[in-house]
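**Student:** fold the following for me, if possible:
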Amino acid sequence: MGLDNEAQAEEGIPSKAFRYNSPVVQVILIGFVCFCCPGMFNALSGMGGGGQVNPEAANNANTALYTTFAVFGILGGGIYNVLGTRLTLCLGCSTYVLYAGSFLYYNHSQHQLFAIIAGAVLGIGAGLLWAGQGAIMTSYPTEDKKGRYISMFWSIFNLGGVIGGFIPFISNYHRTAGSVNDGTYIGFMCFMGFGALLTLTLLPPHKVVRDDGTKVTMMKYSNPTTEFLEILKLFSNSKMLLLFPAAWASNFFYTYQFNHVNGGDLFTLRTKGLNNVFYWAAQMLGSIGIGYVLDYGSQSRKKRGYMGVAVVALLGTVIWAGGLANELKYNGKKPKLDFKDSGTSYAGPFVLYFSYGLLDAIFQNLVYWMIGALSDDSQTLSRYSGFYKGVQSAGAAVAWQIDAHKTSPVKELVINWCLTTISYPLLLVLVDLYVNDKSSPVADYDGDMKDGNRAVKDKNAQM
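**Tutor:** Have a look, this model is predicted:
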């Protein structure tokens with residue numbers, strides 16, 4: 001008689017039927033967690049100023065958010081390795097509800113303090129969530145599926161932004177000016193609360209079995225001292241140093257795009273919500289497209305990495321150039337555009353904002369693919385992902401304060417264009433030096449092999 005599903009999983013042999021402990025199911029689940037929490041947060045932020053007429057409160061709250069995110073993004077991988085999947089992610093997701101609630105409070109009181117404190121707390125939670133998410137997304141799939149799993153996650157995650165964009169669009173349809181209504185924030189809070197509960201359905205890494213029969217990791221949870229020392233090593237790790245400019249740039253442009261392209265005075269209130277629907281839909285399309293480039297074809301993985309950087313660099317240059325032309329066209333005097341406007345007055349800025357969403361997806365999917373190509377070990381990749389999110393958030397904190405100091409939109413655009421451009425040659429170097437056709441399943445830092453994974457390798461060799 002054949003082994004039943006549970007026995008097969010225990011033996012490391014996946015069944016042909018649907019498996020809850022398969023990488024694809026776990027990646028889908030973390031996708032829906034992020035659909036509910038950061039996906040809705042993105043829809044809220046994409047309104048410009050957190051849905052408020054005056055962006056000052058949102059700028060200050062986001063500065064606090066990304067400051068603590070920078071710290072806990074880097075520490076998040078270590079905390080994930082100590083606390084485990086469910087507790088880390090549940091704690092992280094619960095902070096999103098508080099943040100949305102702070103703007104509901106601000107809608108009535110116009111006092112910033114609660115929003116700023118909630119932003120700082122969310123930065124801690126987001127650091128935990130994204131470190132765990134990064135470990136799941138990059139370490140669970142086999143090498144030939146990492147690009148498509150990343151794009152699968154990104155599509156589900158950004159579907160949250162699409163659905164979230166409809167919330168302010170529908171609830172504020174008959175309003176052309178002012179802040180969004182209370183129902184908008186309440187809708188976001190409901191989704192975020194459900195996302196926090198959904199984290200409890202995720203399995204710990206050692207229970208996940210790939211389609212080829214290998215387990216994700218045989219490691220036990222780490223300890224705080226080990227994690228602290230391993231995190232310190234990241235700052236002298238040549239892989240992470242090459243990744244640093246791309247990480248810094250990857251959320252820096254959100255401030256400009258949300259506050260000056262979709263936010264501000266260019267669009268009516270309801271049109272901002274509709275624009276967000278298509279901005280995050282563009283993210284879904286972009287993730288699928290770049291996932292195809294990075295996973296498919298007969299070329300080696302190194303060549304696919306080169307191709308991915310070339311595609312992102314080319315599209316990025318074209319899109320930022322189009323953005324500069326748009327800013328110079330208005331010269332600071334922006335009309336109030338509505339999606340019902342006839343002619344090309346609305347179409348041009350709409351296509352530009354759509355293109356910014358496309359660029360964000362292909363840029364970040366490329367970086368995540370490279371992180372996944374550096375190792376297969378869940379603990380290592382949780383640290384790499386945490387480092388990426390920490391540096392990314394430090395850049396975002398700076399960007400929000402640059403905007404808070406009334407920097408002109410043209411200057412912000414040029415800064416963003418320069419930062420993304422600087423990262424491209426360094427990503428090429430990263431591909432050249434560290435991306436191979438088959439990454440070591442356990443290589444970490446100087447190529448040392450972790451004992452738990454060595455045991456897996458030895459066991460597989462005996463089978």
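**Student:** just give me the neighbour total for the nearest residue to Y106 once chain neighbours are set aside.
**Tutor:** Using Cβ to Cβ, 6 or more residues apart in numbering and skipping residues adjacent in sequence, the residue nearest Y106 is A115, 5.2 Å away. Heads up, the C-betas are built off the backbone N, CA and C, glycines and all. Neighbour count of A115, defined by other Cβ atoms under 10 Å: 26.
**Student:** over to V209?
**Tutor:** 24.
**Student:** if I look at it, how far off is P23?
**Tutor:** Using Cβ to Cβ, to the nearest Å, one gets 8 Å for the distance from V209 to P23.
**Student:** can you list the low-confidence ranges for the stretch 1-150 of the chain?
**Tutor:** For the stretch 1-150 of the chain, the stretches with pLDDT under 70 are 1-17, 47-55.
**Student:** follow-up on the earlier one: in terms of contact, does the residue nearest to Y106 touch N59 like I think?
**Tutor:** No. If you go by Cβ atoms under 8 Å, A115 and N59 don't touch, sitting 10.3 Å apart.
**Student:** returning to what we had before: overlap in contacts, V209 and P23.
**Tutor:** Here V209 and P23 have V216 as joint contacts, going by Cβ atoms under 8 Å, 6 or more residues apart in numbering.
**Student:** which residues of the protein fall in strands?
**Tutor:** Assigned strands in the chain, in chain order: 443-444, 448-449 (criterion: DSSP state E).
**Student:** and those, which one is worst for confidence?
**Tutor:** Mean pLDDT is lowest for strand 448-449 among these, at a mean of 40.
**Student:** so what pLDDT did S238 get?
**Tutor:** pLDDT, S238: 93.
**Student:** for it, give me its contacts.
**Tutor:** L433.
**Student:** would you map the helices across the stretch 151-300 of the chain?
**Tutor:** 182-198, 224-234, 238-249, 252-256, 269-295 (DSSP state H, counting those that start in this stretch).
**Student:** let me have those in CSV, adding distance to D144 as columns.
**Tutor:** Below are the helices of the stretch 151-300 of the chain laid out as CSV (distance: least, Cβ to Cβ, whole Å):
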stretch, distance to D144
helix 182-198, 28
helix 224-234, 27
helix 238-249, 22
helix 252-256, 31
helix 269-295, 7
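**Student:** comparing the ones you listed, which gets the lowest mean pLDDT score?
**Tutor:** helix 224-234 (a mean of 83).
**Student:** that one to helix 238-249, inter-axis angle?
**Tutor:** 80 degrees (axes from the mean of the first three to the mean of the last three Cα atoms, to 10 degrees).
**Student:** to E143, which of the helices of the stretch 151-300 of the chain lies closest?
**Tutor:** helix 269-295 (9.5 Å; Cβ to Cβ).
**Student:** name the helices or strands packed onto the closest one?
**Tutor:** Contact here means 3 or more Cβ pairs under 8 Å, 6 or more residues apart in numbering; DSSP states H and E; on that basis helix 269-295 packs against helix 38-45, helix 146-171, helix 301-330, helix 347-373.
**Student:** at 6 Å what do you get?
**Tutor:** Secondary-structure packing of helix 269-295 (3 or more Cβ pairs under 6 Å, 6 or more residues apart in numbering; DSSP states H and E): helix 146-171, helix 301-330, helix 347-373.
**Student:** tell me which of those lies nearest to F18.
**Tutor:** Nearest to F18, of those and by Cβ to Cβ, is helix 146-171 at 16.2 Å.
**Student:** counting contacts, what elements does the closest one pack onto?
**Tutor:** Packed next to helix 146-171, using 3+ Cβ pairs under 6 Å, 6+ apart, are helix 23-36, helix 38-45, helix 182-198, helix 269-295, helix 347-373.
**Student:** the inter-axis angle of it versus helix 182-198?
**Tutor:** Going by the same axes, to 10 degrees, helix 146-171 makes 150 degrees with helix 182-198.
**Student:** quick check: buried residues in helix 146-171?
**Tutor:** 146-165, 167-169, 171 (16 or more other Cβ atoms under 10 Å).
**Student:** now do stretch 402-420
**Tutor:** Of all the residues in stretch 402-420, those buried under the rule 16+ other Cβ under 10 Å are 402-404, 407, 409-410, 412-417, 419-420.
**Student:** among those residues, which two are most distant?
**Tutor:** A404 and T420 (21.8 Å).
**Student:** for stretch 72-81, the distance to its chain's centre please.
**Tutor:** Here the centre of stretch 72-81 is set off from its chain's centre by 16 Å, with Cα atoms, centre = their mean, to the nearest Å.
**Student:** repeat that for stretch 239-248.
**Tutor:** 15 Å.
**Student:** buried residues, that stretch. List them.
**Tutor:** Buried residues in stretch 239-248 (16+ other Cβ under 10 Å): 239-240, 242-248.
**Student:** make JSON lines out of those and add distance to S393.
**Tutor:** Shown next, in JSON lines, are the buried residues of stretch 239-248 (distance: Cβ to Cβ, whole Å):
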{"residue": "K239", "distance to S393": "19"}
{"residue": "M240", "distance to S393": "15"}
{"residue": "L242", "distance to S393": "19"}
{"residue": "L243", "distance to S393": "14"}
{"residue": "F244", "distance to S393": "13"}
{"residue": "P245", "distance to S393": "15"}
{"residue": "A246", "distance to S393": "14"}
{"residue": "A247", "distance to S393": "9"}
{"residue": "W248", "distance to S393": "10"}
